[in-house]
Structure formats: C-alpha cells, structure tokens
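Visitor: coords please:
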Amino acid sequence: MLVVALWAIAATSAGAQTEDDERVRQGEGIFQQICATCHTIGGGVRVGPDLRGVTERREESWLKVHIQSPSIQRAQNDPIALANVEKFGMPMPDLGLTEQQVEAVIAYLGTGETAPVARPALYIPTLAIGVLAIVGLTLIGIVVGTKRVEVRP
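Guide: Prediction:
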C-alpha cells in the first residue's frame with residue numbers, strides 16, 4: 001500500500017513537471033517567433049529592453065497585462081509602461097496573444113535562460129545578395145565611369 005502511494009505521488013509530480021516543461025518550451029517558441037525581434041534575454045537592449053530578470057523586477061499580474069495588451073497600461077498612465085515608451089522611443093504593440101500563450105512566455109522568462117540571438121532565416125542569403133549588388137555596381141561604375149582623355153600636341 002505504501003509503495004502504491006509513493007508511486008502515485010511520484011507520477012503526479014512527474015506529470016506536473018512535464019506540463020511545466022512543455023509550457024516553458026511553448027513559451028520559448030513564442031518568444032523566438034514574436035518577442036525576439038525586439039527583445040533579448042541577457043543579450044542587451046535591442047528595440048525594446050533586455051528581459052533578463054524581468055520576472056523578479058515585475059509582478060506576474062503586471063507582466064500578463066503588459067505582454068497581452070500593453071495599450072491598456074499606457075491608457076491607464078502606468079508609469080513603467082510610459083517610461084519604457086519614452087526610453088525606447090516606441091510603444092510595445094498589442095501582440096494578440098492568448099492568456100495561455102502569455103503565461104507560457106512568462107514561464108520561459110522565469111527560467112532565467114539566456115535566449116539565443118535570433119537571426120532571420122534568410123539573413124545569410126540576403127547579406128550575400130547585398131554584397132554582390134555592391135560589388136557589381138562598383139564594377140559597373142569603374143567601367144562606365146572611365147573617361148578617355150586625349151592629349152593634343
């Protein structure tokens with residue numbers, strides 16, 4: 001009987017841990033797809049603030065409102081939201097996330113993991129095309145822009 005009780009407790013805690021891990025993974029995916037364009041975790045300021053330690057600095061209820069619909073906080077003249085707009089020069093947009101997605105992002109932010117730097121999928125090809133365009137235009141300019149000067153006696 002004792003063995004069965006211990007097994008049930010272990011299975012319940014393992015199931016809860018699996019659910020938490022899944023929520024953190026979901027939060028990481030949402031962060032990479034939506035948030036990493038403007039924010040980093042431990043990588044410094046980008047368009048918006050670095051979010052390392054944000055779950056220690058802000059209450060969870062404030063984070064939920066700010067992530068889900070920051071325009072509400074600005075409309076209520078929230079001093080932190082208004083200070084961020086002034087400091088970073090633009091307001092955080094309403095992202096249209098569900099309550100479950102917001103909770104997953106907060107769970108991910110609470111892990112303290114440093115987010116890898118997000119690089120757009122077409123970054124390298126776009127960079128290569130840009131370099132080739134600059135080289136090509138430079139060569140055309142050299143060829144076309146060369147003037148022949150006649151020296152008359």
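
Visitor: switch to C-alpha atoms for all contacts and neighbour counts from now on
Guide: Noted.

Visitor: would you mind measuring from the most centrally placed residue in the chain to N77?
Guide: In the chain, the residue lying closest to the centroid (Cα atoms, centre = their mean) is A36, at 1.4 Å. Separation of A36 from N77 (Cα to Cα, to the nearest Å): 26 Å.

Visitor: go on, Q32?
Guide: Distance from Q32 to N77, counting by Cα to Cα: 29 Å.

Visitor: ranges for the helices of this structure?
Guide: Per DSSP state H, the chain carries helices over the ranges 2-30, 54-57, 60-68, 70-75, 79-88, 99-110, 123-144.

Visitor: for R46, find the nearest of these.
Guide: In terms of Cα to Cα, the element of those nearest to R46 is helix 79-88, at 9.2 Å.

Visitor: list the buried residues for that closest one?
Guide: Across helix 79-88, burial judged by 16 or more other Cα atoms under 10 Å covers A81, L82.

Visitor: pull the distance from that helix to the chain's centre.
Guide: 18 Å (Cα atoms, centre = their mean, to the nearest Å).

Visitor: between helix 60-68 and it, find me the angle.
Guide: Going by axes from the mean of the first three to the mean of the last three Cα atoms, to 10 degrees, helix 79-88 is angled at 40 degrees with respect to helix 60-68.

Visitor: packing partners for helix 79-88?
Guide: When contacts are defined as 3 or more Cα pairs under 8 Å, 6 or more residues apart in numbering; DSSP states H and E, helix 79-88 sits against helix 70-75.

Visitor: and the helix it packs on, what does it pack against?
Guide: With 3+ Cα pairs under 8 Å, 6+ apart as the test, helix 70-75 has helix 60-68, helix 79-88 packed against it.

Visitor: return the helix or strand in the chain with minimum mean pLDDT.
Guide: One helix or strand of the chain scores below all others by mean pLDDT, DSSP states H and E: helix 2-30, with a mean of 66.
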